[in-house]
Structure formats: C-alpha cells, structure tokens
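> Predicted model and sequence follow; I will ask about them next.
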Amino acid sequence: MEAGILVPSPTSSSPLSTPIPSVILTQDELKKIAAYKAVEYVESGMVLGLGTGSTAKHAVDRIGELLHQGKLQNIVGIPTSKKTHEQALSVGIPLSDLDSHPVLDLAIDGADEVDPHLNLVKGRGGSLLREKMVEGACRKFVVIVDESKLVKHLGGSGLAMPVEIVPFCWKFTAKRLQDLFEDAGCVGKLRTFGENGEPFVTDNRNYIVDLYFKKDIGDLKAASDAILQLAGVVEHGMFLDMATTVIVASELGITVKNK
Ligand SMILES: O=C[C@H](O)[C@H](O)[C@H](O)COP(=O)(O)O
C-alpha cells in the first residue's frame, strides 16, 4: 500500500478548495469535502456505483450537479439502495442495474470503519448486500470518510459489525453468530427501529444482526469465511480487500490512500 498523500486545500471556489479554516469543520462538512474530492475521479461516459449513507449522499448530489452543468455527460449510475435510487433520480442521474452493466468503472461510497490495510466495515445504514454486489463489480472503488472512521482493527471500535440474515428463525442464526466469536466476547443484537422495537428490514427483505466485540476478532478472512458458512447468513459488513482508494477528510486536509 502506498503511503498516504496529504493534499493541501486548493484555492478556487469549490468546497474542496476552501483553505484550511480557522474554525472547526463539522463532521458533515468533512464528509462533503471527501465526497467532492472523490467525484474528481468521475469522467464522462462512466458507469458508476452510487453508494449509500450520509457521506455518499454528497457525492451523488455533486454528480447530479455536474451533469446539470454539462461538465459530465453520459453517466450511468448503479445505486446501492432504494434510498440512493430515489436520490439519484431526484438529481437527474440516469440509472441502470448490474444485469445490464455487470462491470462498472468506478464506485464511490462511505464506510463505518477503515483499517490501515483499507479493509472496511460497512452496513450500519443497512445497505451492505447491494453495496457489496455493486462495489465488487467495479474496476475502482473509492471510499470516502471523515477521519473518525479510521480504526486500527475492524470491529475494535465497540460499534456494530452488521450481518444480514434471513428472517426465518433469526434468533437461531443470531445465536450461532454470537457463538462463533465467543472468545472475542461477541454479543449479537437484532437491529430494530421505532418505539415498539420492530425488526429493521433491509431493501432485500432481510434482517440485520449487529455483532459487538469485546476483544479483537483476529484473522479477518477467517472470520468472514466462518460467518458466510452459516446457513441463514446472507452477507456481512466486512469489505476485505475491496477498496482501491480511501479519501480521508480531516481538519488538516485530505489524505488519499491507495492500494
Ligand atoms: O449501510 C450503509 C453504508 O454502508 C454506509 O456507506 C456506511 O454506513 C457509512 O455511512 P455514513 O456515510 O452515513 O457514515
């Protein structure tokens, strides 16, 4: 992996070009800076994977804006969720799907965690399955984060590692997932929403079990394989060896990390 390159803020008028300000930037402003930088990788005629979440949203808006201004042309977007599908249509991005475009030029998406090897945790917004399908079909996958997403080890932040499972006997699958990582003090919780604790249902009509670890889960590939071997599991939120570039926005500027 190449060392990170610190890109100083340029001086023209785009959000990217804002000089390093003396005021503290909000997390959302940092997300927007990373997103706008990623959109610089987009060229006319590309088939693009459109990510999901509060960071990717800025990239989708920016692509729509550039299409509207005529600075980008002939873009085809492949959305990674129903929500992004709606947003992309609303900003005028022509859409298609993986059946029609099985190979994509580029995808841009956020992440929940990024480790030093550019492995990711994704799916805290619930879109991991479609994201993994679309981003796995891309020649280049650019991840956009603010610096709060950087971790030493995936799953070590104390936050959720999402696993999408079929609803059928979900407690059984959740228990088997938890047992798999007993040594790491794993607790699996069904993701719910609303006052009545209704199960959160993904775009694919599945449930999500969020795994929380007290200790390091060790070898990530082994953990991935073990999770995927369980009947009832559809996909997990570890994106190993998929990102080609990670753009990190911080108060100091933008760091671009390449595989
Ligand atoms: O399911 C959600 C996606 O994986 C998101 O890309 C991820 O959760 C990061 O979201 P955000 O940019 O809102 O932090």
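Cool, got the structure.
> Pretty sure Pro216 sits against His153.
Just to correct that, residue 216 is Asp rather than Pro. Yes: using CB atoms under 8 Å, Asp216 is in contact with His153, at 5.5 Å. Backbone N, C-alpha and C define where each C-beta goes, glycine included.
> Show me which of the two is the more surrounded one.
A count of neighbours by other CB atoms under 10 Å puts His153 above the other of Asp216 and His153, at 16 against 13.
> what residue ranges in the protein score low on pLDDT?
In the predicted model of the chain, residues 1-22 satisfy pLDDT under 70.
> Close to the ligand: what parts of it are there?
When proximity is defined by CB under 6 Å from any ligand atom, the chain lies next to the ligand at 51-56, 109-112, 122-128, 131.
> could you pull out the helices for this structure?
For the chain, the helices defined by DSSP state H occupy 27-39, 56-68, 82-90, 128-135, 170-180, 220-229.
> Those: which one's closest to Val246?
Among the helices of the chain, the nearest to Val246 by CB to CB is helix 27-39 (9.1 Å).
> I'd like to know which of the residues of the chain next to the ligand are buried.
Burial by neighbour count, 16 or more other CB atoms under 10 Å: within the residues of the chain next to the ligand this picks out 51-53, 55-56, 109-112, 122-128, 131.
> Give me the distance between the two termini of stretch 38-54.
End-to-end distance for stretch 38-54, by CA to CA, to the nearest Å: 15 Å.
> Could you list the buried residues of it?
Ala38, Val39, Val42, Met46, Val47, Leu48, Gly49, Leu50, Gly51, Thr52, Gly53.
> and if you look at stretch 179-191?
Residues of stretch 179-191 classed as buried by neighbour count (16+ other CB under 10 Å): Leu180, Phe181, Ala184, Cys186, Gly188, Leu190, Arg191.
> Filter these down to just the ones in strands.
Per DSSP state E, strands hold the following members of the buried residues of stretch 179-191: Gly188, Leu190.
> Closest one to the ligand out of the buried residues of stretch 179-191, please.
The ligand has its nearest neighbour among the buried residues of stretch 179-191 in Arg191, at 10.9 Å by CB to the nearest ligand atom.
> need the contact list for the closest one.
Counting by CB atoms under 8 Å, 6 or more residues apart in numbering, Arg191 touches Gly126, Ala160, Pro162, Pro199, Phe200, Tyr207, Ile208, Val209, Asp210.
> do the same with Lys149
Gly110, Ala111, Asp112, Glu113, Val114, Val248.
> CSV for those residues, including distance to Ala231?
Listed next are the contacts of Lys149 as CSV, based on distance: CB to CB, whole Å:
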residue, distance to Ala231
Gly110, 30
Ala111, 28
Asp112, 26
Glu113, 27
Val114, 30
Val248, 38
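> Show only the entries of those found in strands.
Counted as lying in strands by DSSP E, out of the contacts of Lys149, are Glu113, Val114, Val248.
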